[in-house]
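1. Just need the structure, nothing else, for what follows:
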Amino acid sequence: MKQGRIETITTRIISTMFVVVALAVFKPFGLDAWQWQAYVHLIALGVIGFSICIMTDVILKYVIKMPRSLKKGAEYIIRRNLWFQLINTPLVALGICLYRHFVLSGRVEGNQLSIVNFLETLAIIAFCSFAIGLYWRFKFRSKYLAIELEEMRLLNKQLKEIQSEKTSEKPLQQAPESTVCQSQDLTLTGTTNESVTLQISNLLYIEAVGNYVKVSHLCDGQAHADMLRATMKQMEETLQGYPMIVRCHRAFLVNLGQVEQIISHSGSTQLLIKHCHESLPVSRSNMSQVKAAIKRGRGSSLR
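-> All right, here's what the predicted structure looks like:
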């Protein structure tokens, strides 16, 4: 049996035992009416909970296509754990409700299956799930941090490879006959007569500022900024032919060719820009775009 599978089963067993102990202490669902038989029911509830946990892992792997993997980074692990809790919690609550109805209702009439009982059980299991989640997050904090640091190291390594090997960027497939390169002049225009002409390789980033955008670029070797009355959507459409220019945040477009380093601090990711040494935030929803752009750039540079 693979080490990862053993770790998963161990984690599920410990999580199930936590819930069983919590139920044994507080004795909800009228368990105190069963005296010593309550412990038999607790064991049965533990088996139900563990079985549903395994079933949830199967659903994640084969239905949602999210197998357990430490190689996909901390963000993927956190997202998968969230999906696990969202699916597992109501399923466990439903399983316990059915057990209450068919087994525990003999001595406690209030255990019959109903919406109220389901919501009550769901609230108890959700609380236990939240507490378990905090425990495992603290338990695996060092492991997640190591995975995150390794992921940042690999991204930075790939980014440096692209910047050192690739001196020009071709547009996307929408314009296959064009041969626009990173050194070609590009004119950015807004809704007024103002415009900014620059070499695409000198673009640092574009920031949304109210009804304007700030275009930060190199001019005579120094960072310079121009204001245009335009929207980020307009800028994104204008620059869509340059794969290394991506949206890293709702307020920022960045030229990855001008990123000095990708850094991670306290759960947030930032891009350190060359020449001006400013840091741009990377939102969780846009991190995948940044990774995909680096992967595409590295792939094309190796061909």
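
2. For the stretch 201-303 of the chain, which segments are assigned as helices?
-> For the stretch 201-303 of the chain, the helices identified by DSSP state H, counting those that start in this stretch occupy 232-238, 284-302, in order along the chain.

3. give the contact list for residue 254.
-> Residues in contact with residue 254 (C-beta atoms under 8 Å, 6 or more residues apart in numbering) are 204, 205, 206, 245, 246, 248, 271, 273, 280. Quick note: C-beta positions are derived from backbone N, CA and C, even for glycine.

4. any chance of the residues you listed in TSV, with pLDDT too?
-> Rendered in TSV, the data for the contacts of residue 254 read as follows (pLDDT from 0 to 100):
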residue	pLDDT
204	93
205	94
206	95
245	93
246	94
248	93
271	92
273	93
280	93
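
5. and of the helices of the stretch 201-303 of the chain, who's closest to residue 31?
-> helix 284-302 (41.0 Å; C-beta to C-beta).

6. Which other helices and strands does the closest one contact?
-> Under the contact criterion of 3 or more C-beta pairs under 8 Å, 6 or more residues apart in numbering; DSSP states H and E, the helices and strands touching helix 284-302 comprise helix 141-165, strand 245-249.

7. related to what we said a few turns ago, and the contacts of residue 254 as CSV, adding distance to residue 15 and neighbour count?
-> Written out in CSV, the entries for the contacts of residue 254 read as follows (distance: C-beta to C-beta, whole Å; neighbours: other C-beta atoms under 10 Å):
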residue, distance to residue 15, neighbour count
204, 47, 24
205, 43, 23
206, 46, 28
245, 44, 23
246, 38, 23
248, 36, 24
271, 37, 24
273, 43, 20
280, 38, 20
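
8. quick one: which of those residues is nearest to residue 78?
-> Distance ranking of these against residue 78, using C-beta to C-beta, places residue 248 first at 19.1 Å.

9. And residue 7, how far from residue 77?
-> With distances taken as C-beta to C-beta, to the nearest Å, residue 7 is found 12 Å from residue 77.
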